[in-house]
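Chemist: got a structure for you, letters missing:
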Ligand SMILES: Nc1ncnc2c1ncn2[C@@H]1O[C@H](COP(=O)(O)OP(=O)(O)O)[C@@H](O)[C@H]1O
Ligand SMILES: Cc1ncc(COP(=O)(O)OP(=O)(O)O)c(N)n1
């Protein structure tokens, strides 16, 4: 059986809703072989992040070498990277192994407000990682930090996407979960030439823990399978909407999303593949 390989370079979420755990669940659902390099362990549940324990750069690099020397990578995503040292180590390995289909989810702060990236590491994301990327997927606060510009209107979002594109990425998705778009959520995709708006009804739920991780993992899985970037983003929007809509109601706080839901809806014929 010829199966494609996807790698996640991210933090561990003991609660299972975000980070490495969410990414591997997505890879499995989308039938790509999932691999991981853990950058930090978090003690986390649906009520928040209770501890952050970063790995050493050597430990992160050793995991990437182990994957690079044996298994091969058709696409990869990065999530929580924590420090500039880890970011530089990851960028070096991407260059050394000439990995392609690079999805950068510039994770900075968890929903409860805990820092998952040191402040000074933003510069390393801009200089070392963005130029290697096929797509970068910030939420609105992350896009504001990366561009230094306040984002309120759709026009602001388009300007931010153009600024990010000029930093050297091939394409950009600015996710709309944190915006006030009335009854809708709008994810804006820019491929360097054209804008695409993916609009959905905003769901009234607290169970959105790990939506950003899920979204970027779907893009990585679909790029691994050879999909064009705009098509990979379209599937990521559908997968994430299904995962939020059929939520699981787990835990006492911001619960995880449902990674089975997309395939369940496909099997029921509710979605076009
Ligand atoms: N309440 C919601 N209803 C519907 N979709 C949502 C909701 N919140 C987030 N999303 C979707 O989840 C994905 C992640 O969005 P966002 O919350 O902006 O990122 P992050 O999880 O990185 O903070 C996007 O596709 C966004 O449209
Ligand atoms: C280990 C770890 N990585 C990333 C996140 C952030 O997840 P994300 O999907 O961006 O959003 P929230 O769930 O924080 O809203 C995390 N919490 N933990």
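Modeler: Sure, I can see it. The shown structure was predicted, so the numbers you read here are calculated from the model rather than taken from an experiment. Ligands and ions are numbered 1, 2, ... in the order given.
Chemist: How far does stretch 147-163 stretch from one end to the other?
Modeler: 7 Å (CA to CA, to the nearest Å).
Chemist: what does the chain have sitting close to ligand 1?
Modeler: 139, 175-178, 185, 187, 200, 202-203, 208, 211-212, 215, 237, 240-241, 244 (CB under 6 Å from any ligand atom). Where you see a C-beta, it was placed from the backbone N, CA and C, and this is true even at glycine.
Chemist: Just the buried residues of the residues you listed.
Modeler: 139, 175-177, 185, 187, 200, 202, 208, 211-212, 215, 237, 240-241, 244 (16 or more other CB atoms under 10 Å).
Chemist: From those, which land in strands?
Modeler: Those of these mapping onto strands are 185, 187, 200, per DSSP state E.
Chemist: What is the nearest of the residues you listed to residue 166?
Modeler: Minimum distance to residue 166 across these is 20.5 Å, recorded for residue 187 (CB to CB).
Chemist: Pull up the gap between the closest one and ligand 2, please.
Modeler: 14 Å (CB to the nearest ligand atom, to the nearest Å).
Chemist: all helices in the stretch 101-250 of the chain, in order from the N-terminus.
Modeler: 121-124, 140-147, 154-166, 211-224, 229-245 (DSSP state H, counting those that start in this stretch).
Chemist: Mind listing what's buried along the second one?
Modeler: Across helix 140-147, burial judged by 16+ other CB under 10 Å covers 140, 142-147.
Chemist: Residues in contact with that helix: which ones?
Modeler: Defining contact as CB atoms under 8 Å, 6 or more residues apart in numbering, one finds that helix 140-147 is touched by 106-109, 122, 125-126, 138, 150-151, 157, 160-161, 163-164, 167, 174-179.
Chemist: Next one: the closest residue to residue 250 other than its chain neighbours, what pLDDT does it get?
Modeler: Nearest residue to residue 250, sequence neighbours excluded (CB to CB, 6 or more residues apart in numbering): residue 256, at 5.8 Å. pLDDT, residue 256: 97.
Chemist: Who are the contact partners of residue 228?
Modeler: Applying CB under 8 Å, 6+ apart, no residues qualify as near residue 228.
Chemist: any idea how far it lies from residue 196?
Modeler: As judged by CB to CB, to the nearest Å, residue 228 and residue 196 stand 12 Å apart.
Chemist: Ok, residue 212 next?
Modeler: Residue 212 is 19 Å from residue 196, by CB to CB.
Chemist: so how far is residue 111 from residue 157?
Modeler: From residue 157 across to residue 111, the span is 21 Å (CB to CB).
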